[in-house]
Structures are given as C-alpha cells and as structure tokens.
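Visitor: Predicted model and sequence follow; I will ask about them next.
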Amino acid sequence: MKLRGKFISFMRRLVAPLVAEWPLWVLWFVGMSIGGVCDIQRLFDIVFPETPQILRLLRIVGYGVCMSTLLAYLVAALAHICRTRWVRWPLALVALLATGAYLFIRYHYGTRLTPEIASVIQETYWAEAGEYLGTYIFSMTGLSIILALMVAMAAWCSLDLWWHRHRENHSHHRKMSGWQATLWAVLMLVVIGGAFKMACYGPLADKLTHQSRSHDENFGVDALTNLMKCHHQLQRIDDQTILAITATQQVYDTSPQPIADDSLTIVLVIGDSYIKSHASIYGYDKPTTPIQQRERDASWLIVFNDIVSPYSYTNMAMRSLLSVNDKGSGQQWCDYPLFPAIFKHAGYQVDLWDNQREFMKGSVSTNGLNGLMYHPQVINLCYTNINDRNSEFDWEFVEDYAAHRRDSKHELVLLHLRGQHFKAESRYPHTLQWTHFKPKDYTQHEPPLDDEARQEVADYDNAIRYNDYVLGRIFALFSDRQAVVVCLSDHGGEVHDYHWGLGFRDDNEHLELMLRHHHEIPFVVWCSPRLQQARPQLVERIRQAADRPGTLDNVSQMMLGLSGITTPWYQAERDILSPTYICTNRICDKYEYDLVVDMIYCMSF
C-alpha cells in the first residue's frame, strides 16, 4: 500500500503542471504542432522511404503528437514552478510569436524556417533588413497576422486569468474525477512517449543530416527542433569558413605562377536579384537595357544565353562563385580555395569593392558571408585593395572605386553591386531621369495586378534600367585598357511574374517557372576595343561559347582561363571558353535544372 501511495503521489506531481497550466500547455501544443506536420512528413519520406504509407502516417502522427506534447509539458512545468503570470504570459507570447513567424514564412515563401533562411536573416545588413521586413510586415497579410496574434494574446490572457482565479476559488474541490484522471494519465503517457522519441531523435537526426548534405537540406520535426537544427547549421557554416581558409592557404604552398607579359584587366561585376526575363537584351518587352543593347550591336558585348546559379540566395551563391568548386560534381565549396587568392599569388593586383559590405561595428558574424569575405586571413590571402564604405546607389559606388583605383599591369577587379536586391524602389534615384516606367505601363500584365503590385514591377524595371546605366559607366572606366568585363547576377527572383509575390518562394506547383525565375541569370561579357585588337582569338572563343550551358560556380574556371595563370586548380573541362568544356549536372538548390526543364518541355507536347 505504501508503494501504491508513493506511486500515486508521484503521478500527481507529474500531472500537476498539466492540470494547473493547461491554457499554457494547449497554446504551446498548438504552436508546436502547426509547423510540424509537413516537416515530419518530409522527414519520414527521406529516412524511411520504403515504409508503407499507412504505417508512415501513423509514425508521423505519433511522432508529432509526442514531441509537441513533451515540449508543451516542459513549458507548463516551468510556469507551474514559478507560479506567476509574469512568467506565464511571456512564455505565451513566445509561442504566439513563433506561430506567427512560421505562418509568415509559410505564406510568403512557401516553406518553413530552414538553415538557409536563417543564414540569410543573419547575413542581411540592417538597412536592407529594415526595408525587407517593413514591406512584408506592413503588407495586408503581415498586418492580418499581427492583428490575429494580438487578439489571440488578449483572449489567452483572459482565459489564463479566469482559470487561475477559478482554481483559487475552488481549491477545496481539486480532487479529480475518474475521467479526468484517465485523461491526464493518457497525456502523461504521451509526454513519456515524447521523451522517448526525443532520445531516439539524435541518431535519426545524424542519419538525416548525413543524407541531406547532398541535397542541401536540413529538416526539423517541430518548431523547436528545427530551430536547433538551424543553429547547428549556422555553426557548421562557421566550421566551413575555417576549412575554406585552410584550402585557400594551400595556394601559397605552390611555387609562384607565371603570367603573360602583356597587360590584362579582368573585371567581375556581380549583381543581385536580377531576373533574366526582365532584361530587354533577353527579349523583355520593356527597354530596360538600352546601353547593353547598344554595346552588343557595336560588337563590344557578348550575351550568354544559358547560365544558371546553383542557389537562389546570395550567401551560398557568393560562396560558390568565389570557390573553385563544382556543385554538379558533388564538391563542397569549403573544400576548395577561393579563386582571388590564385590571382594574387600569381602577381595580379586584386581589388574588391563591395557595396553590400556591412561596416557597422560588431555586426558581422564569423559565420556570415561578410565573415568569410572579410576574415583577416582571407583579406591577406585574396585582396590587394578593398573599399572602406558603402554608397546608397551603385553609381556613386562605382565612382568611389574610380577615385581610389590604382592602375596595374595585371588586375582582377571584383565589383559587388546592390543591383536589384530587395527592395527595388530603394535601388535607384527617384528622379525624372530614372523613373522611366510607371504603373500604367503594366495594365496588360499577366497575372493581372493591382496598383501597388504594378508599382512594384515598375520599380524593379527602373532599377534594372539604372543598373544598365551603371554597367555603361563600368565599361567606359576600362575602355582604355585591355579589359574583359564579365557581368552576372548571383541569382534571380520573383516580382509578380508567374504569381503574386516578391523575392523567393519555394513553389513546387510551378517548379519550372520557379527554377527559371530564381536560377536563370543574365550573363554578359564586354571586351574593350584594345582587347579586341590585341587578342582577336580570345574574343572569338568568347563568342563561340555564348550558347553553351553553364553555371555560376564554374565562373572561377573561366576567370583562370582568361588570366593565363598556370595553376593546378584550373580545369579546362569546366572553363566554358575552353574547346574541351563539358557542362556537368546543373543542380539548382535541390533540383536538377535540365532534368526538370526538359521534362516540363516534353510534357507540353
């Protein structure tokens, strides 16, 4: 009997947080469950692909209920121990904010919080983050979510106050009925099941992480676990930065590389969020690129027609561009050196002018993109000169470079523009000269747009036209040199093109259109008059390569091929200008680009 009494006493203590703090438990259970169902489905589809559908469904439901119940129970237990609303209410607010954030990401991007999105948030500089959040939060959807959260918080606080007053007034009637005891006992079994599942999650997560490395995905089974996975991935990026530095140092273990005697300037202009289908040089019906078209018609500019970016977001696209890796061959960017170091070691002057660099003290994380590009060791290994301030617009940024430029016989110049990066209305001066397109120009747009959306498309096209003007200034800046200017974008985007939306959205329903808009990038090569006169064979090689398929991560090989540097890191079969060039699998995020596009094309007949 004593043992039975101790067991009952123990169970009452365990059940007490559920009984005393059930409003908080329910709120956290719902919040944890909202983001879990689809993520659990995807997890078991990968880890247990051969499991029968009905068994997989049962495991999914059981896993989700157990995990959400356990996490909600732990929060309720904390509130029960503290016994004050000043603990309960902040915990409730955290649950509501997490739910709102999940709904926000799910609605605008068609996905959940992933390591990729977390790293983008972390690496976005503050001014840009303010523009980005301001647009979405103060949209109709954002305001609706905020209003719903405020109403939910007020309703929950009222329920919480009523419940705890009710318990105080009926403290002498706390003995549970049979059905209540049964209910709480079942919930405790679920909590215990959640603890067991949590213990089993470690090996499962290790298996999943190992499998997902080839797909660039990390899955969480609920909101909290997914957040932990995001934190783990960000720490992993920090480790990858160290690996990339180690790989880059190996460049200096080789003997100095000879370069050609005649002068050469290679310029790499990196834009941002440039949707190829919005460039008139690629057939867009608005005159967004008049200067590039003029240069093309004069035979100074060569337009490449089939280049894609392996990533739809800047941080990984830039890492892939700077490294001499090849994603299509399964290579990791961090296992290979950064190509500017090869140029610097061979005697080139390497200038990096970056208009997306964050100069706010203490704001650059070691595992962010800035943390890689401006790591002290990377600066020493890769660059001769770097800029020390940003400009509001790219024209002023290029003028700043022109004012600080130092001529050298052999130069590699990296110009990283803001381009059309969100938010487009902030990427060009709102003067009569640059407000070329207006909402009235998009009344025949498909899909049909309201006034606000038409203004957003007009802003985007105005930003492209301004960017075209900036490129013209860059061409003029190097017109007196033997110069090759390669202009590209790190990725594309979406501005109400195939559905209403801005920026990135994971959209399996329109997979081909998503890949085309987010991964196809403009890619042009401008050859100066002096270069065309001195190296006509090189120019002809560039012209012959214009229709070859290529990827952003192999641009480094093209740079090395142009330079004339002899290095073990150069692979001619990956240089799009080489006669031995072979295009590898073009992997865009997790999709094989050519397979998807060709499949959709065949299905259309």
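Guide: That came through fine. Numbering: from 1, shown residues only.
Visitor: contacts and neighbour counts: CA atoms only from here.
Guide: Fine.
Visitor: Val324 against Met558, yeah?
Guide: No - assessed by C-alpha atoms under 8 Å, Val324 is found out of contact with Met558, at 10.2 Å.
Visitor: So which of the two has more stuff around it?
Guide: Higher neighbour count among Val324 and Met558: Val324, with 28 against 18, using other C-alpha atoms under 10 Å.
Visitor: Please give me every residue in contact with the more buried one.
Guide: Applying C-alpha atoms under 8 Å, 6 or more residues apart in numbering to Val324 gives the contacts Trp333, Tyr336, Pro337, Leu338, Phe339, Asp553, Asn554, Ser556, Gln557, Trp569.
Visitor: nearest to Arg473, of those?
Guide: When these are compared for distance to Arg473 (C-alpha to C-alpha), Ser556 wins out at 24.1 Å.
Visitor: Now do the same contact list for that closest one.
Guide: Leu321, Leu322, Ser323, Val324, Phe339.
Visitor: swap the cut-off to 7 Å and go again
Guide: By C-alpha atoms under 7 Å, 6 or more residues apart in numbering, the contact list for Ser556 reads Leu321, Leu322, Val324, Phe339.
Visitor: Buried residues, stretch 426-440. List them.
Guide: By neighbour count on 16 or more other C-alpha atoms under 10 Å, the buried set for stretch 426-440 is Ser426, Arg427, Tyr428, Pro429, Thr435, His436, Phe437, Pro439.
Visitor: same thing with stretch 281-290?
Guide: For stretch 281-290, a neighbour-count test (16+ other C-alpha under 10 Å) marks Ile281, Pro287, Thr288, Thr289, Pro290 as buried.
Visitor: got it, and stretch 556-570?
Guide: So stretch 556-570, judged by 16+ other C-alpha under 10 Å, has buried residues Ser556, Gln557, Met558, Met559, Leu560, Gly561, Leu562, Ser563, Ile565, Thr567, Trp569, Tyr570.
Visitor: could you dump the residues you listed to a markdown table with pLDDT and distance to Glu512?
Guide: Shown next, in a markdown table, are the buried residues of stretch 556-570 (pLDDT from 0 to 100; distance: C-alpha to C-alpha, whole Å):
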| residue | pLDDT | distance to Glu512 |
| --- | --- | --- |
| Ser556 | 96 | 27 |
| Gln557 | 96 | 28 |
| Met558 | 97 | 28 |
| Met559 | 96 | 30 |
| Leu560 | 95 | 32 |
| Gly561 | 94 | 32 |
| Leu562 | 94 | 33 |
| Ser563 | 91 | 36 |
| Ile565 | 90 | 39 |
| Thr567 | 91 | 38 |
| Trp569 | 93 | 34 |
| Tyr570 | 94 | 33 |
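Visitor: coming back round to it: just the closest of the buried residues of stretch 426-440 to Phe29, please.
Guide: The closest of the buried residues of stretch 426-440, once distances to Phe29 are taken by C-alpha to C-alpha, is Ser426, at 41.2 Å.
Visitor: Let me know how buried Ile379 is, in neighbour terms.
Guide: 16.
Visitor: about what we covered before: and the buried residues of stretch 556-570, which of them are in helices?
Guide: Taking DSSP state H, the ones among those that sit in helices are Ser556, Gln557, Met558, Met559, Leu560, Gly561, Leu562, Ser563.
Visitor: residues touching the fourth one, list them.
Guide: For Met559, no residue meets the contact criterion (C-alpha under 7 Å, 6+ apart).
Visitor: For Asn387, see how far away it is.
Guide: Between Met559 and Asn387 the computed distance is 22 Å (C-alpha to C-alpha, to the nearest Å).
Visitor: picking that back up, now, which of the buried residues of stretch 281-290 sits nearest Ser68?
Guide: Checking the buried residues of stretch 281-290 against Ser68 by C-alpha to C-alpha gives Thr288 as the nearest, at 51.0 Å.
Visitor: Give me the phi and psi angles of the closest one.
Guide: Per-residue torsions, Thr288: phi -90, psi -20 (degrees, to the nearest 10).
Visitor: Could you find the closest non-adjacent residue to it?
Guide: Nearest residue to Thr288 in three dimensions, chain neighbours excluded: Arg465, at 4.5 Å (C-alpha to C-alpha, 6 or more residues apart in numbering).
Visitor: my read: that neighbour touches Lys286, true?
Guide: No - if you go by C-alpha atoms under 7 Å, Arg465 and Lys286 don't touch, sitting 9.7 Å apart.
Visitor: Now tell me which helix or strand of the protein has the poorest mean pLDDT.
Guide: Sorted by mean pLDDT, DSSP states H and E, the helices and strands of the chain end with helix 37-47, the least confident at a mean of 47.
Visitor: all strands in the stretch 501-605 of the chain, in order from the N-terminus.
Guide: In the stretch 501-605 of the chain, the segments counted as strands under DSSP state E, counting those that start in this stretch are 523-527, 550-551, 587-588, 591-592.
Visitor: For the contacts of Ser556, name the two members farthest from one another.
Guide: Leu321 and Phe339 (8.8 Å).
Visitor: Who are the contact partners of the nearest residue to Leu552 once chain neighbours are set aside?
Guide: Nearest residue to Leu552 in three dimensions, chain neighbours excluded: Ser309, at 5.0 Å (C-alpha to C-alpha, 6+ apart). Counting by C-alpha under 7 Å, 6+ apart, Ser309 makes contact with Ala317, Asp490, His491, His519, Glu520, Ile521, Thr551, Leu552, Cys588.
Visitor: ok, now Ala72?
Guide: If you count contacts by C-alpha under 7 Å, 6+ apart, then Ala72 has Trp25, Trp28, Phe29 around it.
Visitor: Can you convert those into TSV and add a column each for neighbour count, distance to Phe343 and pLDDT?
Guide: Below are the contacts of Ala72 laid out as TSV (neighbours: other C-alpha atoms under 10 Å; distance: C-alpha to C-alpha, whole Å; pLDDT from 0 to 100):
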residue	neighbour count	distance to Phe343	pLDDT
Trp25	26	59	82
Trp28	28	55	86
Phe29	22	56	81
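Visitor: just curious, which of those residues is nearest to Thr241?
Guide: For the contacts of Ala72, the nearest to Thr241 is Trp28 (36.5 Å; C-alpha to C-alpha).
Visitor: The strand or helix carrying the closest one packs against which elements?
Guide: Using DSSP states H and E, Trp28 sits in helix 22-34. Identification of packing neighbours for helix 22-34 by 3 or more C-alpha pairs under 7 Å, 6 or more residues apart in numbering; DSSP states H and E yields helix 53-82, helix 85-109.
Visitor: Measure how buried Arg165 is and give me the count.
Guide: 12.
Visitor: Enumerate the positions of the strand or helix carrying it that are buried.
Guide: For Arg165, the enclosing helix or strand under DSSP H and E is helix 140-169. Neighbour-count burial for helix 140-169 flags Gly142, Ile145, Ile146, Leu149, Met153, Trp156, Cys157, Asp160, Trp163 (criterion: 16+ other C-alpha under 10 Å).
Visitor: closest to Asp575 among the residues you listed?
Guide: Taking C-alpha to C-alpha as the measure, Asp575 sits nearest to Gly142 out of the buried residues of helix 140-169, at 45.5 Å.
Visitor: pLDDT value on the closest one, please?
Guide: For Gly142, the model assigns a pLDDT of 69.
Visitor: Likewise for Asp400?
Guide: Per-residue pLDDT puts Asp400 at 94.
Visitor: Tell me the first helix or strand C-terminal of the strand or helix carrying it.
Guide: If you go by DSSP H and E, Asp400 is part of helix 394-404. With elements assigned by DSSP H and E, the helix or strand that comes after helix 394-404 is strand 410-416.
Visitor: Could you list the low-pLDDT ranges of the stretch 51-200 of the chain?
Guide: Within the stretch 51-200 of the chain, the segments meeting pLDDT under 70 span 51-66, 105-142, 170-200.
Visitor: Which residues are in contact with Cys334?
Guide: Contacts of Cys334 (C-alpha under 7 Å, 6+ apart): Gln240, Thr241, Leu243, Ala244.
Visitor: and which of these is nearest Met373?
Guide: Among the contacts of Cys334, Thr241 lies closest to Met373 (C-alpha to C-alpha), at 9.5 Å.
Visitor: What is the neighbour count of the residue lying closest to that closest one once chain neighbours are set aside?
Guide: Nearest residue to Thr241 in three dimensions, chain neighbours excluded: Leu372, at 6.0 Å (C-alpha to C-alpha, 6+ apart). Neighbour count of Leu372, defined by other C-alpha under 10 Å: 24.
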